[in-house]
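# Fold the following for me, if possible:
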Amino acid sequence: MSISRTKPSELRSRVLIVEDDERTRAGLAAAVTHADGFELVGSFERALPAMAWLETNQADILLTDLGLPDASGIDVIRFCALHWPACDILVITMFGDEKNVLTSIEAGAIGYLLKDGETLDLERALLDLRSGGSPMSPLIARKVLARAAQREVVTEALPNVALAEANLTKREVETLNLIARGYTYEEAGALLAISLSTVQTYIRSIYGKLAVNSRGEAVFEAHKLGLLNLDPIAKKRD
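Here you go, the predicted model:
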């Protein structure tokens, strides 16, 4: 367990790591330390000490594994999302099954990367998070999209009813569709011809109406309600 004693700069994003493998934890810490604009404020090998730290300390980004010695990383995700809803949560794990993926997203994670033996570009993932993106390994993205497609088939006739029940405006749904498809807040604003602050206002409103605390939860709930088949704007292409 390691905790930074340096007062974080307002210009830097504070990063907390929860990872039980010493070598992996050291690699993540080194990547954060060398990334421009980010500061490591804590590094834990167990879930319970990390949650205790989060009771009184704030991080802008949480990097967590799921398989921890004393509790599930999903418990850490839920705890962090409850206490610090503005924190961006990224899962970095070996578990790529659908249950863990969907449960993590529902708990509050907005990104999910696999330890698949390939070089992990953590700096790029961190920058993606702070610009409003949701970094995911290709295999995970495919699972999420497949599940979303299944839900859309089941709820094909329900979107207008769901829209009324959720009390979302058409503009809020358009914004949520773009965010769900991987656009940053800035890109969504440009496509909708609205300012970044207006996008952020829509997102806060969506969180309140759907009773969620993160982008991942908002997208997950919107899929369950069948709201994400309303937007005619094409999917983002790499």
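# do you know how far F44 is from Y207?
F44 is 28 Å from Y207, where distance means CB to CB, to the nearest Å. Where C-beta positions appear, they are placed from N, C-alpha and C, glycine not excepted.
# So which of these two has more stuff around it?
Ranked by neighbour count (other CB atoms under 10 Å), F44 and Y207 place F44 first, with 24 against 17.
# correct me, but the more buried one touches A52?
No - if you go by CB atoms under 8 Å, F44 and A52 don't touch, sitting 9.3 Å apart.
# How many residues are close by E55?
Count around E55 with other CB under 10 Å applied: 8.
# tell me the contacts of it?
Residues in contact with E55 (CB atoms under 8 Å, 6 or more residues apart in numbering) are H83.
# send the alpha carbons of the helix or strand containing it over as PDB?
Following DSSP states H and E, one finds E55 within helix 47-56. This file holds the C-alpha atoms of helix 47-56, laid out as PDB (Å, rounded to 0.1, in the frame of the first residue of the first chain):
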ATOM      1  CA  ALA A  47     -10.200  -3.400  -1.500                       C
ATOM      2  CA  LEU A  48     -11.000  -2.600   2.100                       C
ATOM      3  CA  PRO A  49      -8.000  -0.200   2.700                       C
ATOM      4  CA  ALA A  50      -8.800   1.500  -0.600                       C
ATOM      5  CA  MET A  51     -12.400   2.000   0.400                       C
ATOM      6  CA  ALA A  52     -11.300   3.400   3.800                       C
ATOM      7  CA  TRP A  53      -9.100   5.900   2.000                       C
ATOM      8  CA  LEU A  54     -12.000   6.900  -0.200                       C
ATOM      9  CA  GLU A  55     -14.100   7.800   2.800                       C
ATOM     10  CA  THR A  56     -12.100  10.900   3.300                       C
END
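# average pLDDT across it?
Average pLDDT, helix 47-56: 96.
# what do you get for stretch 111-123?
For stretch 111-123, the per-residue pLDDT averages 80.
# Check stretch 198-213 too.
84.
# residues contacting the residue nearest to the spatial centre of the chain?
For the chain, the residue whose C-alpha lies nearest the mean C-alpha position (CA atoms, centre = their mean) is I110; its distance is 1.3 Å. Counting by CB under 8 Å, 6+ apart, I110 makes contact with 88-90, 129, 134, 214-216.
# now do 6 Å
Contacts for I110 (CB atoms under 6 Å, 6 or more residues apart in numbering) come out as 88, 134, 214-216.
# Also L228?
Counting by CB under 6 Å, 6+ apart, L228 has contacts 177, 180, 222.
# Lowest average confidence across helices and strands of this protein, where is it?
None of the helices or strands of the chain scores lower by mean pLDDT, DSSP states H and E than helix 159-166, at a mean of 50.
# List the buried residues for the helix or strand following that one?
Counting by DSSP H and E, the element after helix 159-166 in chain order, helix or strand, is helix 170-180. Residues of helix 170-180 classed as buried: 172-180 (neighbour count, 16 or more other CB atoms under 10 Å).
# could those residues be laid out in TSV, adding distance to I105 and pLDDT?
What follows is those, written out as TSV (distance: CB to CB, whole Å; pLDDT from 0 to 100):
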residue	distance to I105	pLDDT
E172	20	87
V173	19	84
E174	21	85
T175	19	88
L176	14	85
N177	17	84
L178	18	84
I179	13	81
A180	11	79
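# T184: which of the contacts of I110 is nearest?
S134 (9.7 Å; CB to CB).
# pretty sure the closest one is touching L113, no?
No - assessed by CB atoms under 6 Å, S134 is found out of contact with L113, at 10.7 Å.
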